[in-house]
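Novice: structure for this input, please:
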Amino acid sequence: MKKNKKRKTTAAEPTPANPFVHLPAAGLARRLGALIYDSLVVAAVMMFTAGIGAGVALVLEAMGFLSTQGYVDMADYLSKNLVYQLWIWFIFVGFYVFFWTRGGQTIGMRAWRLRIQNEDGTAINKTQAVIRLATACCGLGNLFVPFNKPKHRSFQDHWADCEMVVLTKELNNRVTLKGVKWY
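Specialist: Sure thing, here's the model as predicted:
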């Protein structure tokens, strides 16, 4: 039989250094590549979300809980319905907040090996994610990157007090939806 030897740890052992610290800043080209990639994914997610909302509205209309009287059709009703609009915006914001606060990467950022993080290499929090999204100006905030020489931060990175870094292939493989594997 094999005996399991437990490793003894002492207080004097240093904790492993965070490998996500001091990585190179992301340039404009990579950021725009990830932005284009993510815009396709977000468009698909929002179309799916809109379809679910429209389906629920049709069921509610068939059950008599809502009426489209005075509107051209269901699309006209939904385009003027505040609850439906908030539902779609909630999903849009939720997409970015979910991915940025978990592993620091959206699907497009993973493909381009980019990560949003704090300067100490930790994931950003929900408040930072919302601030970053609100100040991104539909991606135009990235045009600030070439003019910010020391850290290459975008407008939204400044406001959210975070950074976007380029990961090595090894580090990119460590990032999961639940966060970062520290091994």
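Novice: what pairs with the worst-scoring helix or strand of the chain on mean pLDDT, and is each one parallel or antiparallel?
Specialist: Least confident helix or strand, the chain: strand 179-180 with a mean of 70, by mean pLDDT, DSSP states H and E. When pairing is defined by DSSP bridges, strand 179-180 lines up against strand 175-176 (antiparallel).
Novice: list the contacts for Asp161?
Specialist: By C-beta atoms under 8 Å, 6 or more residues apart in numbering, the residues touching Asp161 are 118, 128. Where you see a C-beta, it was placed from the backbone N, CA and C, and this is true even at glycine.
Novice: quick one, strands of the chain?
Specialist: Per DSSP state E, the chain carries strands over the ranges 114-117, 163-166, 175-176, 179-180.
Novice: now render the ones you listed as TSV, adding mean neighbour count.
Specialist: As requested, the strands of the chain are exported to TSV (neighbours: other C-beta atoms under 10 Å):
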stretch	mean neighbour count
strand 114-117	24
strand 163-166	21
strand 175-176	16
strand 179-180	17
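Novice: rank these by mean pLDDT and give me the bottom one.
Specialist: Lowest mean pLDDT of those: strand 179-180, a mean of 70.
Novice: for the chain, give me the ranges with low pLDDT.
Specialist: Low-confidence segments of the chain (pLDDT under 70): 1-16, 181-183.
Novice: which helix in it runs the most residues?
Specialist: If you go by DSSP state H, the chain has its longest helix at helix 28-62.
Novice: list the buried residues for that helix?
Specialist: Neighbour counts over helix 28-62 (16 or more other C-beta atoms under 10 Å) mark 30-31, 33-35, 37-38, 42, 45, 49-50, 53, 57 as buried.
Novice: I'd like to know which elements it is packed against.
Specialist: helix 74-79, helix 82-102, helix 107-111, strand 114-117 (3 or more C-beta pairs under 8 Å, 6 or more residues apart in numbering; DSSP states H and E).
Novice: rerun that using 6 Å as the cut-off
Specialist: helix 82-102, helix 107-111 (3 or more C-beta pairs under 6 Å, 6 or more residues apart in numbering; DSSP states H and E).
Novice: deepest-packed of the ones you listed, please.
Specialist: helix 107-111 (a mean of 19; mean count of other C-beta atoms under 10 Å).
Novice: ok, back up a step: the helices and strands packed on helix 28-62: which one's closest to Leu23?
Specialist: Leu23 lies closest, by C-beta to C-beta, to one member of these: helix 107-111, at 13.4 Å.
Novice: nearest residue to the spatially most central residue of the chain other than its sequence neighbours?
Specialist: Centroid-nearest residue in the chain, with C-alpha atoms, centre = their mean: Tyr96, separated by 3.0 Å. By the measure of C-beta to C-beta, 6 or more residues apart in numbering, the closest residue to Tyr96 outside its immediate chain neighbours is Leu133, 5.2 Å from it.
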